[in-house]
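[1] quick one, what's the 3D model for this:
(4 chains)
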There are 2 protein chains.
Amino acid sequence: MKISELSERSGVPVATVKFYIREGMLPRGEALSTTRAEYGEEHLTRLRLISALADVRGLPLSRVRDILALIDAPEDDPIATLGRAVGALPPYVESDRDDYPRAREAIGELGLTYDPDFTAIPQLDEALRALEAAGLDASPTVLRRYSDAMRQVATEELAPMAGMSRAEAVPYAVLGTALYEPVILALRRLAHHHLLVEGNGR
Amino acid sequence: MKISELSERSGVPVATVKFYIREGMLPRGEALSTTRAEYGEEHLTRLRLISALADVRGLPLSRVRDILALIDAPEDDPIATLGRAVGALPPYVESDRDDYPRAREAIGELGLTYDPDFTAIPQLDEALRALEAAGLDASPTVLRRYSDAMRQVATEELAPMAGMSRAEAVPYAVLGTALYEPVILALRRLAHHHLLVEGNGR
DNA sequence: TCCGTTGGATAGTTTCGCTCTCCAATATTG
DNA sequence: CAATATTGGAGAGCGAAACTATCCAACGGA
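    Below is the predicted model:
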């Protein structure tokens, strides 16, 4: 297909498609002549993925690029890969320090792994600081209920990876981390709404 | 305290504090003279809240303003208030339509309330579309595991509201919606990490 | 008294994510 | 086959957002 068709099918303006190509996020189409290039389904898929990450997740293009790079050239170490994927997601913290007391304490209580090099640690620390600043409860009791729920979810999410090759597992893990998050949050918001509506009806 | 002290204690540059005041997000200090104004603890709290929402949550200032307005002047209807709070959070979708088939179908399966005027519905719809675009599983089975976890969490979150006055409940609900989300996501990421590390050690 | 600081206003800066304009080459249409 | 439209590609331009810097007259503290 040509660029105008790619644009129509993806809903992304031609000028923006050109921009993504220039930025190296989308491969060039196969040049048929000076003024003709052929784009395939893989271009469409890639474009939709960029839209999903940039529009739905609201990630800055620099982070989208990071995620695409992980998928394009998977590293050997799955834990390092997860770390990089998490680093591409908000909240963005410059992890300059090497200890995060709030997160360390919480994680001790919850029986998770405290590794200050894993980006989620500074992220948790920041999130707990924000709770504190707003005067919300960040006690072990409260954290445990979130942690229990997420451990349950995480266990079920990792299960299918047992039967995957690395080539399948990396995109699954990277995109799964990024794209199930809005679903989880939307379902929490809907659960609140549902409980309020139900409660009123009583 | 004076503005320089407010700035130091909050970690926000003086110029930025002035900017927030100009934008109406932070009240002016009480003017003692032409060149002296007194700021109190409530200014510090408000400033920390703005930082939490803008920096940690990464919300645009326009949305931060919306959330502050909800807290400052609570509406009567708690469901409408929740709706507005959710509307201030990403993913931002222009809910132009009045039906969201993906979300409707999913919600039917999950036994939640389908109300297309509640912003989380278009948000869920967008999130499901993104999953689809990336080729990830959005089957009822998968959604149910997230939904079950979130219903459990939501039930426990609403419990303390029973004993609150409206004046307490509104900030709790609005800020709780916004500020526990990064904690939840960080704990999911940490659970993945923990399971991977554990798994490797075996 | 005098130097540094303050509150307040206005203008400037940086970053991001496009979007517009151009161009020559090539398709397409009449 | 001539006229018109479209394409790929490159560069510059643009508008919003979130600060940041500059100014200035009026203090206040030593």
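[2] now do the helix or strand containing residue A:169: which elements does it pack against?
    With elements taken from DSSP states H and E, the one containing residue A:169 is helix A:166-201. Applying 3 or more CB pairs under 8 Å, 6 or more residues apart in numbering or on different chains; DSSP states H and E, one finds that helix A:166-201 contacts helix A:61-72, helix A:78-87, helix A:140-158, helix B:78-87, helix B:120-133, helix B:140-158, helix B:166-201. The C-beta positions use only the backbone N, C-alpha and C, and glycine is treated the same way.
[3] what mean pLDDT does the longest one get?
    This points to helix B:166-201. The average pLDDT for helix B:166-201 rounds to 92.
[4] quick one, it and helix B:61-72 angle?
    130 degrees (axes from the mean of the first three to the mean of the last three CA atoms, to 10 degrees).
[5] how far does helix B:166-201 sit from its chain's centre?
    12 Å (CA atoms, centre = their mean, to the nearest Å).
[6] and what of the third one?
    On the basis of CA atoms, centre = their mean, helix A:140-158 is displaced by 18 Å from the centre of the chain it belongs to.
[7] enumerate the positions of that helix that are buried.
    A:142-143, A:146-151, A:153-154, A:157-158 (16 or more other CB atoms under 10 Å in any protein chain shown).
[8] so what touches that helix?
    A:106, A:109-110, A:112, A:176, A:180, A:184, B:145-146, B:149-150, B:152-153, B:156, B:180, B:183-184, B:187-188, B:190-192, B:194-196, B:199 (CB atoms under 8 Å, 6 or more residues apart in numbering or on different chains).
[9] same check on the first one?
    Residues lying outside helix A:61-72 but in contact with it, judged by CB under 8 Å, 6+ apart, are A:23-25, A:46, A:49-50, A:53-54, A:59, A:81, A:84-85, A:87-89, A:170-171, A:174-175, A:178.
[10] how about that helix against DNA strand C, any contact?
    Yes - for helix A:61-72, a contact with DNA strand C is found by CB under 7 Å from any atom of the strand, at A:61-62.
[11] quick one: that helix near DNA strand D?
    No - judged by CB under 7 Å from any atom of the strand, helix A:61-72 stays clear of DNA strand D, getting no closer than 12.2 Å.
[12] for that helix, what is the average pLDDT?
    96.
[13] residue A:31 - that's part of a strand, no?
    Yes - assessed with DSSP: H, G, I helix; E, B strand; the rest coil, residue A:31 lies in a strand.
[14] please name the nearest non-neighbouring residue to it.
    When the adjacent residues along the chain are set aside, residue A:31 lies closest to residue A:37, with 5.0 Å between them (CB to CB, 6 or more residues apart in numbering or on different chains).
[15] quick one: the most centrally placed residue in chain A and residue B:188, what's the gap?
    Nearest to the geometric centre of chain A sits residue A:178, at 1.8 Å (CA atoms, centre = their mean). Noted for residue A:178: a distance of 12 Å to residue B:188, by CB to CB, to the nearest Å.
[16] could you do residue A:64 as well?
    In terms of CB to CB, residue A:64 sits 21 Å off from residue B:188.
[17] low-scoring stretches of chain A, by residue?
    A:200-202 (pLDDT under 70).
[18] for it, what lies in contact range of DNA strand D?
    A:2-4, A:14-15, A:18-19, A:21-22, A:28-29, A:31, A:34-37, A:39.
[19] which ones among these are found in helices?
    Secondary structure from DSSP state H places A:3-4, A:14-15, A:18-19, A:21-22 of these in helices.
[20] could you dump these to JSON lines with neighbour count?
    As requested, these are exported to JSON lines (neighbours: other CB atoms under 10 Å in any protein chain shown):
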{"residue": "A:3", "neighbour count": "17"}
{"residue": "A:4", "neighbour count": "11"}
{"residue": "A:14", "neighbour count": "13"}
{"residue": "A:15", "neighbour count": "8"}
{"residue": "A:18", "neighbour count": "13"}
{"residue": "A:19", "neighbour count": "14"}
{"residue": "A:21", "neighbour count": "17"}
{"residue": "A:22", "neighbour count": "10"}
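[21] just flag the most distant two among these.
    The distance between the two most remote of those (CB to CB) is 17.2 Å, for A:4 and A:22.
[22] how near is whichever residue of chain A sits closest to DNA strand D to DNA strand C?
    Residue nearest to DNA strand D within chain A (CB to the nearest atom of the strand): residue A:3, separated by 2.8 Å. Distance from residue A:3 to DNA strand C, counting by CB to the nearest atom of the strand, to the nearest Å: 12 Å.
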